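Undergrad: sequence first, predicted model second:
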Amino acid sequence: MLKKFLAVSLLGSTLAFVGCQSLPQLPGTTANLNQLQNKTWVATKIGNAALITNPSERNIASLQFDEATKRVTGSDGCNRLMGSFDAGKNSISFSQVATTRMACLNNSNVDQLFNKALAQVTNYKVEGKTLSLLDAQGTTMIQFESAIQPR
């Protein structure tokens, strides 16, 4: 009797464990995440201030999210930046973000504004070609447009 109980318990535990690991993702939970990754996003606004950049500039404020490595790279408008990110359906967090320390003249402190805004980001929203990085209250901290990549 004890052997049957043990066998049934073991079989039940195994099925429950395997079943939990193979649950499909709910529809629509990854659509926002898929649109975020593997693109170059060029900053167009920090807070309410529009960013006007010359396409020939060297370090345009931008971000790229690599799905495979969970790494974020880009520029704050002056310095190169790199780090890790973790994103869900609407939430996003950055960790181990590091930047180079170059002297940038005449950039209107875009790099400082960009980094300060990025530190407050907790959520994101992708609508078409627009990415908005939001704070916990839903305020847009940085807005980006998807860049067209040359072929």
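TA: Yes, it's here.

Undergrad: what about the residue lying closest to Lys45 once chain neighbours are set aside, how many neighbours?
TA: Computed as C-beta to C-beta, 6 or more residues apart in numbering, the closest residue to Lys45 that is not its neighbour in sequence is Gln143, at 4.0 Å. Where C-beta positions appear, they are placed from N, C-alpha and C, glycine not excepted. Counted with other C-beta atoms under 10 Å, residues neighbouring Gln143 total 20.

Undergrad: OK, contacts around Gln143?
TA: Under the criterion of C-beta atoms under 8 Å, 6 or more residues apart in numbering, the neighbours of Gln143 are 43-45, 130-133.

Undergrad: redo that, cut-off 10 Å
TA: Shown in contact with Gln143 (C-beta atoms under 10 Å, 6 or more residues apart in numbering): 41, 43-48, 50-51, 125, 130-134.

Undergrad: before we move on, what about Trp41?
TA: For Trp41, the contacting residues are 61-65, 74, 126, 129-131, 133, 142-147, by C-beta under 10 Å, 6+ apart.

Undergrad: picking up where we left off before, bridging residues for the residue nearest to Lys45?
TA: Under DSSP bridges, the beta-bridge partners of Gln143 are Lys45, Ser132.

Undergrad: kindly export stretch 104-122 (C-alpha atoms) in PDB.
TA: Output in PDB follows, covering the C-alpha atoms of stretch 104-122 (Å, rounded to 0.1, in the frame of the first residue of the first chain):
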ATOM      1  CA  CYS A 104      31.900  67.200 -24.900                       C
ATOM      2  CA  LEU A 105      31.600  70.800 -25.800                       C
ATOM      3  CA  ASN A 106      28.400  72.600 -26.900                       C
ATOM      4  CA  ASN A 107      26.100  69.700 -26.300                       C
ATOM      5  CA  SER A 108      23.800  71.700 -24.000                       C
ATOM      6  CA  ASN A 109      24.300  69.100 -21.200                       C
ATOM      7  CA  VAL A 110      22.300  66.500 -23.100                       C
ATOM      8  CA  ASP A 111      24.400  63.700 -21.700                       C
ATOM      9  CA  GLN A 112      23.700  64.700 -18.100                       C
ATOM     10  CA  LEU A 113      19.900  65.200 -18.800                       C
ATOM     11  CA  PHE A 114      19.800  61.800 -20.600                       C
ATOM     12  CA  ASN A 115      21.500  59.900 -17.800                       C
ATOM     13  CA  LYS A 116      19.400  61.500 -15.100                       C
ATOM     14  CA  ALA A 117      16.200  60.700 -16.900                       C
ATOM     15  CA  LEU A 118      17.400  57.100 -17.700                       C
ATOM     16  CA  ALA A 119      18.000  56.500 -14.000                       C
ATOM     17  CA  GLN A 120      14.300  57.200 -13.300                       C
ATOM     18  CA  VAL A 121      12.900  54.800 -15.900                       C
ATOM     19  CA  THR A 122      10.800  51.900 -14.700                       C
END
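
Undergrad: since that was my last question, I'll sign off now.
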